[in-house]
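Peer 1: Sequence and predicted structure below; questions after.
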Amino acid sequence: MHPALQNLEVICTISSYVERTSLPALASTCREFEHPALDVLWRDLHSVSPLVNCLPSDLFGSDHGCSVLQKPPDGKVWDTLFKCASRVRSITITRSYRSENPQTEALSLLMLSCPSTPASFFPKLRKLTLYDNGTRSTAEFLRMTFVPSLVELNLQITSASSTTLPVLSSLGTLCPNLQRMTVQVARARDDWLRKTLPFLIQSVSQLHHLHTLSVCDLGHKGMEYLMQLRALQSLSLDLTTSSSWDTLPQVQSPGFQDLKLLKLSTRTIEHASNFFRSLQIVRSRGISFNFASHHAGSSASGSAMLSQFLAILQEKCDNDKLESFSFIRLGNMQPTELGIFTSLHAFRNLTQLVIEEDCDISMSDEELCQLVKAWPKLRVLKLGLYNTITLPTFNGLIELLRLCPVLTSLSLVIDATELDGIDLKCPGGGLCNKHIKFLALGRSPLRSPVNVAVILSGLFPYLEEVDICGSASNKWIIVNDFLSGFRLVREQRIEACVCSDL
């Protein structure tokens, strides 16, 4: 054998590049390759079927549609199972919901007859992703996969049975090193939440190493526990199925002292307003919102409610700390004035502003510049706002580049048919942005692809192409063709200059 193949690191690297179907053959070639090849083969499972399939076919049977053990597992069965399962680092099961998953049901039966502790099934498991229906076998499968080595859990179930809830409540004890967790229950309603919350709250309150959490409404008591998790950095709260925020809570909570990101999903803007009113302060570097609708039985306009909500944010948030602000969805609200968003000027250290939802709103060059003038540190700007009457032009875009000189990503709808005042030989009057790596102009109308390409090439000399996803005109494809040609000519000129200097 070549000396290089006696190096374990080299063998592990080779094994990681081998096709999965060839790994068993590689493992059988010699002892040096056996363990590294088997480690790669069993490291990531997208089903537990391989584990069940490596066991004797006569071990399981069926009784009225349910899996049953035909005989007690012997020592050889346990040796085979532990040899494979001990190598598993991640399990991902995202099949469609069914009445039962026969593979997880089979493993659950084995666990009941296991001569050692349930944690011995997957002693090195680090990540578990399970989309399931929450039956008894789900609870038993979770019990064998909730191990101390687990650091990431993504759980989505249609309902939680009386056997699943106790297992969830033991999560903090069984998985003390958990760092990232997502728990979602499809079609959850208030009655389910009332029954489930005590179990979820107990588990979450014990996860002192948790830094990323995505969960449904845990109620006011659960929120207070979340605020005590000092390691928590990213929190996503789905309040869309809860009615507890229909009214303002009577007691204020301390709030969050040190988050990197707070993501909030609510049915209405009023719910989000009540949520923030219930907190004394929110110190977070980033905040993201998703509203299903703009009002629920309210006579107030969408613009008025949004304006009131932004005023509450200004009062409750640490204005100096907030760096990222996103509206992922604004529901069916149709604001009429861009000036609504100028209250965000209080957050003077913004580096990212994202408003993804399309809104029917007028935005002139002056209004665009008025919006962004307070944020010279802005690196990411995405405005999904559009209107068929008034759109910013290239003049507004050039002024935007002057006000925000460090932009690296820009998404904006402009009127690219309006070229008045633009010098094609020097579009920005000497101003350009060499940092932009992503530019999306959406449904921006245009007439002359070559002129638009000339302007964009002058403003963004290192831009490779315009993102045309969602574009309403094939002319943007032609713009990208011209940009590619201009870039090639520029590179050839640079190469010629270098060669002449040599």
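Peer 2: Cool, got the structure. Treat the numbers as computed from the prediction; the structure is a model and nothing was measured.
Peer 1: per-residue pLDDT, the residue nearest to W375 when sequence neighbours are not counted?
Peer 2: Distances taken as C-beta to C-beta, 6 or more residues apart in numbering put L350 closest to W375, at 4.7 Å, once the chain neighbours are dropped. (Glycine included, C-beta is placed from N, CA and C.) With respect to pLDDT, L350 has a value of 96.
Peer 1: T241 too?
Peer 2: Value for T241, per-residue pLDDT: 78.
Peer 1: May I have the phi/psi pair for it?
Peer 2: Main-chain torsions, T241, degrees, to the nearest 10: phi -100, psi 0.
Peer 1: Would you confirm that A453 contacts I477?
Peer 2: No: in this structure A453 lies outside contact range of I477 using C-beta atoms under 8 Å: 11.1 Å.
Peer 1: Comparing the two, which residue is more hemmed in?
Peer 2: Using other C-beta atoms under 10 Å as the criterion, A453 and I477 rank with A453 on top: 22 against 13.
Peer 1: gap between L248 and H271?
Peer 2: 10 Å (C-beta to C-beta, to the nearest Å).
Peer 1: Which of these two has more residues huddled nearby?
Peer 2: H271 (23 against 12).
Peer 1: I'd like the next helix or strand past the one helix or strand the more buried one maps to.
Peer 2: If you go by DSSP states H and E, H271 is part of helix 269-277. Going down the chain from helix 269-277, the next helix or strand is strand 279-291, by DSSP H and E.
Peer 1: tell me what the next helix-or-strand element following that next one is packed against?
Peer 2: Counting by DSSP H and E, the element after strand 279-291 in chain order, helix or strand, is helix 302-316. Helices and strands touching helix 302-316, as assessed by 3 or more C-beta pairs under 8 Å, 6 or more residues apart in numbering; DSSP states H and E, comprise helix 269-277, strand 279-291.
Peer 1: Tell me which other helices or strands the helix holding H271 touches.
Peer 2: By 3+ C-beta pairs under 8 Å, 6+ apart, helix 269-277 packs against strand 253-266, strand 279-291, helix 302-316.
Peer 1: how far does the longest one sit from the chain's center?
Peer 2: Translated: helix 302-316. Mean-position distance between helix 302-316 and its chain equals 25 Å (C-alpha atoms, centre = their mean, to the nearest Å).
Peer 1: Beyond that helix, next helix or strand please.
Peer 2: strand 324-330.
Peer 1: Which secondary structure element of this protein has the lowest mean pLDDT?
Peer 2: helix 8-17 (a mean of 70; mean pLDDT, DSSP states H and E).
Peer 1: With only the CA atoms kept, save that helix in CSV.
Peer 2: The C-alpha trace of helix 8-17 is given here as CSV (Å, rounded to 0.1, in the frame of the first residue of the first chain):
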residue,chain,number,x,y,z
LEU,A,8,-5.9,8.4,8.3
GLU,A,9,-6.7,12.0,7.3
VAL,A,10,-6.0,11.1,3.6
ILE,A,11,-8.2,8.0,3.8
CYS,A,12,-11.1,10.0,5.4
THR,A,13,-10.8,12.6,2.6
ILE,A,14,-10.9,9.9,-0.1
SER,A,15,-13.9,8.3,1.5
SER,A,16,-15.8,11.7,1.6
TYR,A,17,-15.5,12.0,-2.2
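Peer 1: and it, what does it pack onto?
Peer 2: Contacts defined by 3+ C-beta pairs under 8 Å, 6+ apart place helix 8-17 against helix 31-43.
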